[in-house]
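Undergrad: Pasting a predicted model and its sequence here:
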Amino acid sequence: MNTLVAEFRRLGLDPEDGEGFFRRAAAAPIHTLGPLGPAMAVAADFLNRRPNESAALFVHLFSPPDYTFPTPPASPAARLFALPPNDAVDRVSRLPDVLLGDIVSRLPVKDAARTAALSRRWRGVWRSAPLVLVDADLFPAISAVSSVLAAHPGPFRCLHLTSSYTVEFHGLLTSWLQLLANKGIQELVLVNRRWPLDFALPANFFGMATLTRLYLGLWKLPCSVGLPRKTCFPNLRELELCNVIMESRDLDFILDRSPVLEMLHIHGSLLKLRLRLVSQSLRQVALIVSFVEEIFVVDAPCVDQLIHSEVGTPGASCSRIKIGHAPKLRYLGFLNPRTHVLEFGNTIIKARTRVSPSTMVPSVIFLAMHVRFGVRNDLKMIPSFLRCFPNVEDLHIWVKPLTLLLAFICTIMY
């Protein structure tokens, strides 16, 4: 957060005036703000309705999203002792190459590379083991990252590039991504710690066909228009996008070309999305604090979880959730009568809508809802929503303030 504050001061902005920053930005001509224009408009609308939450919104939109980083295989606390206390025999070096490589991959990269100096037995272990690199272990020497990527022949098992604030970072990114593509990167965590926040990833991002797991934070997805149709992520199973600026067409491009994708998590999308799900492999979908115009589950026979939580939409607009073919859907949340329109086929669920087999999802056993118990229209929608999910076993209702829920329960009981 200190770097963010310093950047605001360099630009002549008051880091303590988060609300004023959003309001001034939203009042400026939208074309002068670039891709952040819509986000600023949504932020200003949010502040009009929740004037006391400007600081939380500011931190959420612009601070690095390091609270959800996947855990790397390598531990900064890991140490290698070939000779245990009171034992003069080097038993570790007698292990098979496969086990030695696994041991080395769990060390910080500097220590892993140094194992080559232990003995002739260890000389080639680091280079032959799949690379695990966490750039925080080399920080702030960004040139060391380039050296490691160039020196190791691959494959690259897991890379976390999350700690660089230097000017050179954006300039090196294209060559780094090319090396990752050439050397078989499998898991990548890539976070932009430098402004501008709308810095687009290089187009060769789409060339990493060996990826199995991808986490992006504070980037803009490159434009997919004109890319070859053969572009594909044939091995990608997990995709997590945190505070990423993206057009719906570019997200669709990735999803359509990820035939084995199982998990899709989107945190803090800064532009309104229309998400269309057609996948034979997708199992989990979560959209957290994201501006979503529509989620259309067209054909997703394996989807088990669909979570749409803490969603904001500008003005009085609503997010449409349209469920087509999702026979294995068991977990659904958080439906909100105020901000969600639920649709099955061509039927929009309203208060007192008569349900039919075509408007029911019998597979759902867990349902979570946001409800304002002081608003009559919200209450009228609860029975309609529940009738669509006749086999619910666990019903979770999130309400604020809690006293309204207690009053509602007391009214029912007495």
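TA: That came through, no problem.

Undergrad: the helices in the stretch 51-200 of the chain, which residues?
TA: 54-62, 97-105, 109-114, 125-128, 142-151, 168-182 (DSSP state H, counting those that start in this stretch).

Undergrad: Could I get those helices in CSV, plus columns for mean neighbour count and distance to Val297?
TA: Every C-beta, even on glycine, is put in place using the N, C-alpha and C of the backbone. Formatted as CSV, the helices of the stretch 51-200 of the chain follow (neighbours: other Cβ atoms under 10 Å; distance: least, Cβ to Cβ, whole Å):
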stretch, mean neighbour count, distance to Val297
helix 54-62, 16, 27
helix 97-105, 17, 39
helix 109-114, 18, 42
helix 125-128, 18, 45
helix 142-151, 16, 40
helix 168-182, 17, 32
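
Undergrad: Any idea which of those helices has the lowest pLDDT on average?
TA: Note on the helices of the stretch 51-200 of the chain: lowest mean pLDDT is at helix 54-62, with a mean of 51.

Undergrad: Tell me the secondary structure of Glu343, please.
TA: Glu343 falls in the strand class when you classify it by DSSP: H, G, I helix; E, B strand; the rest coil.

Undergrad: low-confidence ranges in the stretch 101-250 of the chain?
TA: The model of the stretch 101-250 of the chain has pLDDT under 70 over residues 165-166, 195-198.

Undergrad: ranges for the strands of it?
TA: 131-134, 156-161, 187-191, 213-217, 238-242 (DSSP state E, counting those that start in this stretch).

Undergrad: Mean neighbour count and distance to Met360 for those - can I get that in TSV?
TA: Below are the strands of the stretch 101-250 of the chain laid out as TSV (neighbours: other Cβ under 10 Å; distance: least, Cβ to Cβ, whole Å):
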stretch	mean neighbour count	distance to Met360
strand 131-134	24	48
strand 156-161	23	43
strand 187-191	21	39
strand 213-217	21	35
strand 238-242	21	30
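
Undergrad: before we move on, the earlier item: just put the helices of the stretch 51-200 of the chain in CSV and tack on distance to Leu236.
TA: Formatted as CSV, the entries for the helices of the stretch 51-200 of the chain read as follows, by distance: least, Cβ to Cβ, whole Å:
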stretch, distance to Leu236
helix 54-62, 27
helix 97-105, 21
helix 109-114, 24
helix 125-128, 26
helix 142-151, 21
helix 168-182, 13
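
Undergrad: Just tell me which of these ends up closest to Pro383.
TA: helix 54-62 (33.5 Å; Cβ to Cβ).

Undergrad: List of residues touching stretch 158-177?
TA: 3, 64, 66, 69, 72-74, 131-136, 139-140, 142, 145-146, 149, 180, 185-191, 193-194, 199, 201-202, 204-205, 207-208, 217 (Cβ atoms under 8 Å, 6 or more residues apart in numbering).

Undergrad: Show the contacting residues for the closest residue to Arg249 other than its chain neighbours.
TA: Take Arg249 and drop its neighbours on the chain: the residue closest to it by Cβ to Cβ, 6 or more residues apart in numbering is Ser224, 6.4 Å away. Applying Cβ under 8 Å, 6+ apart, we find Ser224 in contact with Phe206, Arg249, Asp250, Phe253, Ile254.

Undergrad: can you check Ser319 too?
TA: Counting by Cβ under 8 Å, 6+ apart, Ser319 has contacts Val292, Glu293, Glu294, Ile295, His308, Val311, Thr313, Thr339, His340, Val341.

Undergrad: Likewise for Thr353?
TA: Thr347, Thr359, Ser384, Arg387 are the contacts of Thr353 under Cβ under 8 Å, 6+ apart.

Undergrad: Backbone dihedrals for the first one, please?
TA: Recorded main-chain torsions at Thr347 are phi -100, psi 120, according to degrees, to the nearest 10.

Undergrad: Give me the neighbour count for it.
TA: 15 (other Cβ atoms under 10 Å).

Undergrad: per-residue confidence at it?
TA: pLDDT, read off for Thr347, is 87.

Undergrad: How much space separates it from Asp102?
TA: 54 Å (Cβ to Cβ, to the nearest Å).

Undergrad: now do the second one
TA: With distances taken as Cβ to Cβ, Thr359 is found 52 Å from Asp102.

Undergrad: What does the pLDDT read for Ala77?
TA: 65.

Undergrad: Export the strands of the stretch 101-250 of the chain to a markdown table and append columns for distance to Val260.
TA: A markdown table is the format used below for the strands of the stretch 101-250 of the chain (distance: least, Cβ to Cβ, whole Å):
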| stretch | distance to Val260 |
| --- | --- |
| strand 131-134 | 23 |
| strand 156-161 | 18 |
| strand 187-191 | 15 |
| strand 213-217 | 12 |
| strand 238-242 | 10 |
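
Undergrad: before we move on, the earlier item: which single one of the contacts of Ser224 is nearest to His396?
TA: When those are compared against His396 (criterion: Cβ to Cβ), the nearest one is Ile254, at 31.1 Å.

Undergrad: Identify the residues contacting the closest one.
TA: Leu221, Ser224, Phe233, Leu239 are the contacts of Ile254 under Cβ under 8 Å, 6+ apart.

Undergrad: from those residues, which is closest to Arg94?
TA: Using Cβ to Cβ, the contacts of Ile254 come closest to Arg94 at Phe233, 40.2 Å.

Undergrad: Ignoring the adjacent residues along the chain, who's closest to that closest one?
TA: Nearest to Phe233 is Ser258, by Cβ to Cβ, 6+ apart, at 4.6 Å.

Undergrad: show me what contacts the one you found?
TA: Cys232, Phe233, Pro234, Leu236, Leu239, Ser279.

Undergrad: Drop anything exposed from those residues.
TA: Phe233, Leu236, Leu239, Ser279 (16 or more other Cβ atoms under 10 Å).

Undergrad: quick revisit: now the two most distant members of the contacts of Ser224.
TA: Phe206 and Arg249, at 13.6 Å, using Cβ to Cβ across the contacts of Ser224.

Undergrad: Neighbour count for these two, which is higher?
TA: Phe206 (22 against 12).

Undergrad: ok, now which ones touch that one?
TA: Here Phe206 is in contact with Pro222, Ser224, Leu227, Thr231 (criterion: Cβ under 8 Å, 6+ apart).
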